[in-house]
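Visitor: sequence plus predicted model, see below.
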Amino acid sequence: MTDRQTDRQTMIGFMLTGALLLLLFLSSLLLEGNNRDFLLEEGGVIESASVLGYFLCAAIIVYKGKLTYLKQYHYIFLLIIFFMLRELDFDKKFTTMGIFKSRFFISNTVPLAEKIVGAMVLLLLLYVIFMIIHRHSKYFLSGLKNHSIISFGVFITGTLLVASKSLDGIGRKLEGFGVKISNQTSMHATALEEILELGIPIILLLTFSAYFKRNKV
């Protein structure tokens, strides 16, 4: 398969993903009660599919990239693991409160051992982010300029991350600006957040697939 064919197939995959996310959101507007919970609640279809998506991303890195890729780009593999564990709520499942909350490190209710482990996790995450920016930002920007499908996939992933994070607790955030939204609007925003989060591993999986097709490791 040529690079052009790979790019075309990947772009089609991106568009189909967008259509899927839109369909899921429109469906969520119509669902009520148990049906809505089955799709959107913690441990529901959307969240489970997101976790599976990250697992498949990790699997394709190991299978296609092998030890060569893992040695050179271990931080990218670690980022995928972070995403998967975050989706499983590991950042708060085993601690007094979420380690990404500022109160985690200043609260007297959080044991010192938890704070130390939380600090180590955050330092590792900062290392991953630094390495990605330091080693790939220039290639990412030049790739966007040259219409690289890999850079475009990374751009979509970043957009989905920012959008979903912005919708997280949107009611509380808007109240800080004196804006109050209805419970129904907040509910739909939460649904959109979960659905956009599902798009992240799907886009990443398509991007990794394209990368390994173009770059034989």
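Guide: Noted; the coordinates are in hand.

Visitor: what about the helices in this protein?
Guide: 3-30, 33-40, 45-60, 66-72, 74-87, 90-93, 112-145, 149-167, 170-175, 183-214 (DSSP state H).

Visitor: who are the contact partners of the residue of the chain most remote from its centre?
Guide: Note on the chain: the largest C-alpha distance from the chain mean falls to Asn108, namely 31.3 Å (Cα atoms, centre = their mean). Counting by Cβ atoms under 8 Å, 6 or more residues apart in numbering, Asn108 makes contact with nothing. In short, each C-beta sits where N, CA and C put it, glycine included.

Visitor: what about this structure, any weak spots by pLDDT?
Guide: Residue ranges of the chain with pLDDT under 70: 1, 217.

Visitor: and with 80 instead?
Guide: 1, 3, 91, 93-95, 102, 176-178, 216-217 (pLDDT under 80).

Visitor: now stretch 74-85 - C-alpha only, PDB.
Guide: Output of stretch 74-85 as PDB, limited to C-alpha atoms (Å, rounded to 0.1, in the frame of the first residue of the first chain):
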ATOM      1  CA  HIS A  74       8.900   5.000  25.500                       C
ATOM      2  CA  TYR A  75       7.300   8.300  26.600                       C
ATOM      3  CA  ILE A  76       4.600   8.000  23.900                       C
ATOM      4  CA  PHE A  77       3.700   4.500  25.100                       C
ATOM      5  CA  LEU A  78       3.600   5.900  28.700                       C
ATOM      6  CA  LEU A  79       1.200   8.600  27.600                       C
ATOM      7  CA  ILE A  80      -1.200   6.100  26.200                       C
ATOM      8  CA  ILE A  81      -1.000   4.100  29.500                       C
ATOM      9  CA  PHE A  82      -1.600   7.400  31.400                       C
ATOM     10  CA  PHE A  83      -4.700   8.000  29.300                       C
ATOM     11  CA  MET A  84      -6.000   4.500  29.800                       C
ATOM     12  CA  LEU A  85      -5.500   4.600  33.600                       C
END
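
Visitor: what's it in contact with?
Guide: With contacts defined as Cβ under 8 Å, 6+ apart, stretch 74-85 is touched by 51, 54-55, 57-58, 61-62, 69-70, 91, 124-125, 127-128, 131-132, 200-201, 204.

Visitor: stretch 113-128 too?
Guide: Tyr75, Leu78, Leu79, Phe82, Asp91, Thr95, Thr96, Ile99, Phe100, Phe104, Phe105.

Visitor: one more time with 7 Å
Guide: Residues from elsewhere that reach stretch 113-128 (Cβ atoms under 7 Å, 6 or more residues apart in numbering): Tyr75, Leu78, Leu79, Phe82, Thr95, Thr96, Ile99, Phe104, Phe105.

Visitor: state the number of residues packed around Asp3.
Guide: 12 (other Cβ atoms under 10 Å).

Visitor: can you check the one 10 residues further on too?
Guide: As a burial measure, Gly13 scores 19 neighbours (other Cβ under 10 Å).
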